[in-house]
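Student: My questions are about this predicted structure, shown below with the sequence.
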Amino acid sequence: MSELQALLARFEGLCPPSASLPPFVAQAGEGGPFHVVLCCMTHGDETGSLPAAIALLESLQKGTRRFAGRLSVVLGNPPAARLGRRFGQADLNRVFLPGPPSWERSRAAELMPLLDQADLVVDLHQTIEATAQPFHIHPWSPVLEQWAQVLQGAQDWVTRPMGESFATGTCCLDEYVRDQGKAALTIELSQKGMRPQTTALALAVMDRALDAAEAILSGSDLGNMTSGATKMRLWRTSHKQPYASAELRLRAGLRNFEPVQAGELLSAPGTSELRAPCPGVLLFPKYPPRDAAGQIDGPLPVDIFRVLTPLRQHPLALGWPTGAP
């Protein structure tokens, strides 16, 4: 049995049969009125947070850790994980809204009632390509900034005004929760795969989420927990390069948060020219798998890379909306 299969079986063993819960959802805690939902493997090949989720649940089960509130831990797409794939029929992190039927859309529908009950959702992701550092990626609001500072999962934050979608015409898991007026954050921990530093970071974020929720249950104010917190570096997407043709290819080795200069050549030798339109850092460079004939295996991604630039002023100074969450 592979390490992943063994871990999935171990997680399943922490999920007693329940008519009221979807599969691959484990619950713990003492049932107080603050519900934390931790989401792992929303993409099937992003398995790095799975060992941390198991460690947390087992510590709660053994009584070496306690949580006065209610905890739900969700594994989003185990069937894709078993196949070593990001998803099966559709991207689970884009289908929290009506649309064509797929296994992932059915999975989103069965998770929605649980997400509707959450007070805080932390969705733990990993990047496809290497990343220079972990980063938050979700809209800005005063409450989300406080939670980001409390969780300490990353110092960098790729952000946007509240209400602006990550991908037009889709709805991500965290977007669905924020639409219910609840706090939801996404953190990209590392490049996909299991490694000790990813497990350690995921477990630290999970622990801080529970500690903060417990403090709130005891009457503490979230804002008071951010005293002395490190100021976060805020980034905005300045450019999205359309993946206009399957002939487009990036040069090898580009990673997330790779610095680029205006006009820098990003395309692979002998392919259609791609240049950075402005200085900044790269986000989500794409190297989709290709078959023996060089054709992309699967649908063409919407964009081949994005360029981030620093947010020169705080969102409050820019007049961004400050509404819930």
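Tutor: On my side now, so go ahead.
Student: in terms of contact, does residue 234 touch residue 312 like I think?
Tutor: No: with contact defined as C-beta atoms under 8 Å, residue 234 does not count as touching residue 312 (9.2 Å). (Each C-beta comes from the backbone N, C-alpha and C, glycine too.)
Student: More neighbours: which of the two?
Tutor: residue 234 (19 against 9; other C-beta atoms under 10 Å).
Student: Could you list every helix and strand in contact with the helix or strand harbouring that one?
Tutor: Assigned by DSSP states H and E, residue 234 belongs to strand 233-242. Applying 3 or more C-beta pairs under 8 Å, 6 or more residues apart in numbering; DSSP states H and E, we find strand 233-242 packed against strand 156-158, strand 280-283, strand 303-310.
Student: between those strands, which gets nearest to residue 240?
Tutor: Among the helices and strands packed on strand 233-242, the nearest to residue 240 by C-beta to C-beta is strand 303-310 (4.5 Å).
Student: Quick check: which ranges of the stretch 201-325 of the chain have low pLDDT?
Tutor: Counting by pLDDT under 70, the stretch 201-325 of the chain contains no low-confidence range.
Student: Return the distance of residue 115 relative to residue 131.
Tutor: 26 Å (C-beta to C-beta, to the nearest Å).
Student: Now for the closest residue to residue 265 other than its chain neighbours, how many residues are close by?
Tutor: Nearest-residue entry for residue 265: residue 275, 5.7 Å, with adjacent residues in sequence omitted and distances by C-beta to C-beta, 6 or more residues apart in numbering. By other C-beta under 10 Å, the residues close to residue 275 number 13.
Student: Kindly report the same for the one 10 residues further on.
Tutor: The burial metric for residue 285, expressed as a neighbour count using other C-beta under 10 Å, is 22.
Student: right, and it touches residue 257 too?
Tutor: No: contact criterion C-beta under 8 Å: residue 285 and residue 257 do not qualify, at 10.4 Å.
Student: would you list every one of the helices in the stretch 151-300 of the chain?
Tutor: Taking DSSP state H, counting those that start in this stretch as the criterion, the stretch 151-300 of the chain carries its helices at 173-179, 196-217.
Student: and if you look at the stretch 1-150 of the chain?
Tutor: Using DSSP H, counting those that start in this stretch, helices in the stretch 1-150 of the chain cover 3-12, 50-62, 78-82, 103-116, 142-151.
Student: Kindly reformat those helices as TSV containing distance to residue 90.
Tutor: Shown next, in TSV, are those (distance: least, C-beta to C-beta, whole Å):
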stretch	distance to residue 90
helix 3-12	21
helix 50-62	22
helix 78-82	10
helix 103-116	4
helix 142-151	27
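Student: among those helices, which is nearest residue 34?
Tutor: Across the helices of the stretch 1-150 of the chain, closest to residue 34 is helix 142-151 (C-beta to C-beta), at 12.8 Å.
Student: still on that earlier bit, how near is the residue nearest to residue 265 to residue 123?
Tutor: In terms of C-beta to C-beta, residue 275 sits 33 Å off from residue 123.
Student: likewise residue 42?
Tutor: Residue 42 is 6 Å from residue 123, by C-beta to C-beta.
Student: swap in residue 230?
Tutor: Using C-beta to C-beta, we find residue 230 at a distance of 22 Å from residue 123.
Student: out of those two, which sits in the more crowded spot?
Tutor: Between residue 230 and residue 123, counted using other C-beta under 10 Å, the more crowded position is residue 123 (24 against 9).
Student: How about that one: which residues does it bridge to?
Tutor: Here residue 123 sits in beta bridges with residue 39, residue 186, going by DSSP bridges.
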